[in-house]
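# next comes the sequence, and after it the predicted model I'd like to discuss.
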Amino acid sequence: MSRKILLNIDYSLIQGFYWMFYAVAAMFVSVYMLGKGYTNTSIGIVIAVGNILAVLMQSILANITDKAEKISDIAIIKILTAVLFLLTAAVLLIGEKSMALTVAYTALIVVHTALHPFVNAMSFTLGESGEYVSFGIGRSMGSLFAAVLGLAMGYLVTDFGVDVIPFSGLIILIVLEIVVIVAGVHYRRFTTGNGREEDTTAGEVVEVISLGEFVSGNIVFMVLSAGIVALFFGNVIVENFTIQIIDSIGGDTEQLGVMIFVMAMLEMPAMLFFDKIKKHFSYVFLLRVAAIFFAVKITLMYLADTMTVMYMAQACQVLGYGLMFPAMVSFIDDIMTKGEAVRGQAVFTTAITVGNVLGCVFGGRILDVSTVGTLLLICSAITVAGTLLICCTVGRIKGRGASR
């Protein structure tokens with residue numbers, strides 16, 4: 001087996017098991033916490049606080065890895081995976097609604113979310129061997145693995161109860177740790193064998209501009225980022241409060257698993273074939289299409305009165321969520337200088353986090369004081385507003401890039 005194939009398999013497995021754990025810890029969070037007696041408001045607050053603290057933790061970890069050259073992305077992933085295992089074990093052992101369980105689950109969300117950028121960066125780390133490691137293929141495998149597990153979890157929870165959720169998480173984390181260790185062995189062997197260890201720090205030094213400089217020079221992009229906040233306000237509600245949504249039209253935990261399977265599977269094509277798609281369409285066009293399908297999906301979910309229509313709404317995932325991430329990341333890299341792009345990617349990630357936090361807090365509260373219909377109506381309105389904002393601004397962003 002060639003080095004290129006082996007490294008791409010390593011990366012695909014890392015993405016796969018990372019997103020499998022996401023399916024357990026995030027997409028079934030409401031199922032687990034409702035089963036333990038938490039309110040929707042409490043669930044929303046736990047997820048929101050976890051996301052906020054994760055941003056701080058990501059910043060701290062990034063500073064550590066920048067200053068300590070011997071600490072690699074691989075080492076960080078191994079450490080955080082071990083910490084995740086301990087936190088998941090704590091959740092399973094505590095098992096009853098309490099402050100201890102709340103703290104443990106919040107910490108679990110913090111560490112898992114903070115792990116995300118390091119998992120993404122592994123494609124570049126493994127690529128230091130001189131072989132191309134595809135982010136798109138790896139990330140699409142993450143969706144595939146999450147889809148299969150999501151489908152299985154729907155039936156497992158029905159048969160064995162909510163404690164099967166953290167128990168499954170423990171198994172996934174053990175396998176993830178093994179996969180990362182194996183990838184680290186391959187990385188060291190191939191970089192040493194290729195004589196590239198001395199070259200990994202070479203190359204152009206990128207000076208990242210300050211946030212103030214970035215904002216003043218990219219006003220229209222900041223307005224577009226407000227649209228991203230609006231899109232992910234609705235998206236996080238669909239992901240984390242799915243069981244409440246489908247329960248309102250007669251769905252159950254098994255159908256939740258099917259819906260997660262459908263959503264995750266439909267993310268794959270755009271991610272898998274994005275390198276080919278971007279050769280035929282501009283980033284501006286692709287981002288407009290992605291935003292429109294975010295709005296169409298959540299509007300259809302608001303109108304749905306049966307699970308059949310709810311499943312049909314997930315078809316929008318193909319050109320919505322699945323297209324948004326690779327298109328936005330590539331767009332930023334295309335239109336900005338390297339120093340700006342680093343800050344631009346951070347602003348994009350922050351916009352998603354802000355949308356997630358607001359969606360979790362207000363989504364949980366709305367569910368407790370009103371109905372699912374009201375929640376989806378509000379989400380639809382906010383998502384449509386975000387879509388209009390993105391469609392009107394993305395073509396006006398000026399930068400160095402071609403391919404616009």
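Great, that's in hand.

# least trustworthy helix or strand in the chain by mean pLDDT?
Lowest by mean pLDDT, DSSP states H and E among the helices and strands of the chain is helix 211-217, with a mean of 81.

# could you name the helices and strands sitting against that one?
When contacts are defined as 3 or more Cβ pairs under 8 Å, 6 or more residues apart in numbering; DSSP states H and E, helix 211-217 packs onto helix 338-369. All C-beta atoms are positioned from the backbone trio N, CA, C, and that covers glycine.

# give the other helices and strands that the helix it packs on contacts.
helix 40-67, helix 211-217, helix 219-240, helix 321-335, helix 372-393.

# so which bits of the least confident helix or strand of the chain are buried?
Phe214 (16 or more other Cβ atoms under 10 Å).

# re earlier: how about JSON lines for the helices and strands packed on helix 338-369, with distance to Ser143 added?
JSON lines is the format used below for the helices and strands packed on helix 338-369 (distance: least, Cβ to Cβ, whole Å):
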{"stretch": "helix 40-67", "distance to Ser143": "21"}
{"stretch": "helix 211-217", "distance to Ser143": "31"}
{"stretch": "helix 219-240", "distance to Ser143": "13"}
{"stretch": "helix 321-335", "distance to Ser143": "8"}
{"stretch": "helix 372-393", "distance to Ser143": "21"}
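
# Ala226 versus Gly355, what's the distance?
Look at Gly355 and Ala226: by Cβ to Cβ, to the nearest Å, they are 10 Å apart.

# now do the contacts for the spatially most central residue of the chain.
Centroid-nearest residue in the chain, with Cα atoms, centre = their mean: His116, separated by 7.2 Å. Neighbour list for His116: Tyr18 [criterion: Cβ atoms under 8 Å, 6 or more residues apart in numbering].

# and the helix or strand hosting it, how far out from the chain's middle?
Secondary structure assignment for His116, by DSSP states H and E: helix 99-126. The chain centre lies 11 Å from the centre of helix 99-126; the measure is Cα atoms, centre = their mean, to the nearest Å.

# swap in stretch 40-53?
Remark: stretch 40-53 is offset 16 Å from the chain centroid, using Cα atoms, centre = their mean.

# and for it, what are the contacting residues?
Residues outside stretch 40-53 that contact it (Cβ under 8 Å, 6+ apart): 26, 29-30, 33-34, 38, 102, 105-110, 113, 236, 240-241, 244, 353, 356-358, 360-365, 367-368.

# how about that stretch: buried residues?
Neighbour-count burial for stretch 40-53 flags 40-53 (criterion: 16+ other Cβ under 10 Å).

# could you do stretch 183-191 as well?
Ala183, Gly184, His186, Tyr187, Phe190, Thr191.

# let me see the contact set for the residue lying closest to Asn356 once chain neighbours are set aside.
The shortest distance from Asn356 to any non-neighbouring residue, by Cβ to Cβ, 6 or more residues apart in numbering, is to Val236 (4.3 Å). Val236 makes contact with Ile47, Gly355, Asn356, Gly359, Cys360, Gly363, according to Cβ under 8 Å, 6+ apart.

# moving C-terminal of the helix holding His116, what's the next helix or strand?
helix 135-160.

# list the buried residues for that next one?
Applying a neighbour-count criterion of 16+ other Cβ under 10 Å, one finds 135-151, 153-154, 156-157 buried in helix 135-160.

# can you check stretch 301-319 too?
By 16+ other Cβ under 10 Å, the buried positions in stretch 301-319 come out as 301-302, 304, 307, 310-311, 313-319.

# and it, end to end?
Start-to-end span of stretch 301-319 (Cα to Cα, to the nearest Å) is 16 Å.

# contacts for it, please.
238, 245-246, 249-251, 255, 258-259, 262-263, 266-267, 269-270, 289-290, 293-294, 296-298, 300, 373, 376-377, 379-380.

# and if we set it to 6 Å?
For stretch 301-319, contacts defined as Cβ atoms under 6 Å, 6 or more residues apart in numbering pick out 249, 251, 255, 262-263, 266-267, 269, 289, 293, 296-297, 300, 376-377, 380.

# what mean pLDDT does it get?
Per-residue pLDDT over stretch 301-319 has a mean of 90.

# who's in contact with Phe348?
Met328.

# what about 8 Å?
Going by Cβ under 8 Å, 6+ apart, Phe348 touches Ser225, Ile228, Met328, Val329, Ile332.

# which of these sit farthest apart?
Maximum pairwise distance in the contacts of Phe348, criterion Cβ to Cβ, is 13.7 Å, between Ser225 and Val329.

# the more surrounded of the two?
Ser225 (23 against 19; other Cβ atoms under 10 Å).

# I figured the more buried one hits Ala346, correct?
No. Ser225 is beyond contact range of Ala346, at 10.7 Å (criterion: Cβ atoms under 8 Å).

# Gly355 and Ala226 - which one has more neighbours?
Counted by other Cβ under 10 Å, Gly355 and Ala226 do not tie: Gly355 has more neighbours, with 27 against 16.

# which non-adjacent residue is nearest the more buried one?
Nearest one to Gly355, counting by Cβ to Cβ, 6+ apart, is Phe232 at 3.0 Å.
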